[in-house]
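# have a look; sequence and predicted model below, questions after that.
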Amino acid sequence: MKKSLVITLVFLFVVGLFTTALAAEKFEVKGQGSADKNYINYFAKQKPFNDGASTITQTVGADGVLTIKYLLQPKGWLGATCDQFQEDWSAFTGLQFKVAGGTKAKIRLELYDANGVSYEAIFIDDSTKGKLVAIPFSSFKTRTDYQPAGVDPDQPFSLVPVKTLNISPLEGKGTIIFSEMRLYK
């Protein structure tokens with residue numbers, strides 16, 4: 001009995017060390033952010049994510065325009081993603097883009113920071129003709145409904161580097177078009 005207890009405790013200790021090491025993983029900066037880049041292009045050749053019941057497609061045209069077509073099921077989730085660009089965005093104030101759709105849906109713009117923590121800013125898709133949306137990084141808040149396993153959401157928001165950018169409609173169905181996604185100072 002004591003031997004199995006000791007073995008179990010040692011096993012749990014080793015698993016705890018391994019889990020802590022993974023959670024503490026820092027992401028390497030692969031480049032500097034730029035106001036000249038159209039970040040829509042990072043969505044090209046990426047696979048959107050969903051819960052299995054909801055549907056979504058993301059396509060980026062040669063003109064640098066992202067089209068998201070989606071149908072979100074009740075209590076479902078989905079999103080368009082551009083993963084693993086890992087740039088330093090600390091010299092910038094925020095992210096701006098043009099959006100058109102007129103779905104009236106809440107849209108989550110989600111960043112994963114250097115610590116792997118998920119932050120969100122939410123806006124309404126309320127223009128069929130298109131409008132410019134500018135979201136300062138100070139408007140991003142820690143997601144309270146989801147965090148990746150092993151991250152500490154109490155760590156300060158770090159833009160060195162930003163790891164991932166996701167766009168997730170939070171209700172309904174429709175088509176939303178994004179263009180000219182750029183950092184601004």
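Yep, it's here.
# mind checking how far K104 is from F123?
Using C-beta to C-beta, to the nearest Å, K104 is found at 12 Å from F123. Heads up, the C-betas are built off the backbone N, CA and C, glycines and all.
# could you find the closest non-adjacent residue to K37?
R182 (6.7 Å; C-beta to C-beta, 6 or more residues apart in numbering).
# before we move on, which element is the one you found in?
If you go by DSSP states H and E, R182 is part of strand 173-184.
# tell me the buried residues in that strand?
Residues of strand 173-184 classed as buried under the neighbour-count rule (16 or more other C-beta atoms under 10 Å) are 174, 176-179, 181-183.
# do the same with stretch 131-150
Residues 133, 135, 137, 140, 143 are the ones in stretch 131-150 that count as buried (16+ other C-beta under 10 Å).
# ditto for stretch 37-57
By neighbour count on 16+ other C-beta under 10 Å, the buried set for stretch 37-57 is 37-40, 42-43, 48-50, 54-56.
# follow-up on the earlier one: ok, the residue nearest to K37 touching Q96?
Yes. Because the distance of 5.9 Å satisfies C-beta atoms under 8 Å, R182 is recorded as touching Q96.
# re earlier: between K104 and F123, which one's more packed in?
More neighbours surround F123 than the other of K104 and F123, with 17 against 11 (other C-beta atoms under 10 Å).
# and the more buried one, that's in a helix?
No. Applying DSSP: H, G, I helix; E, B strand; the rest coil, one finds F123 to be strand, outside a helix.
# thought it was touching L109?
Yes. F123 lies in contact with L109 (C-beta under 8 Å); the separation is 7.1 Å.
# what segments of this protein are strands?
Secondary structure of the chain (DSSP state E): strands located at 31-32, 49-50, 55-60, 66-71, 78-88, 94-100, 106-112, 118-124, 131-136, 141-142, 162-169, 173-184.
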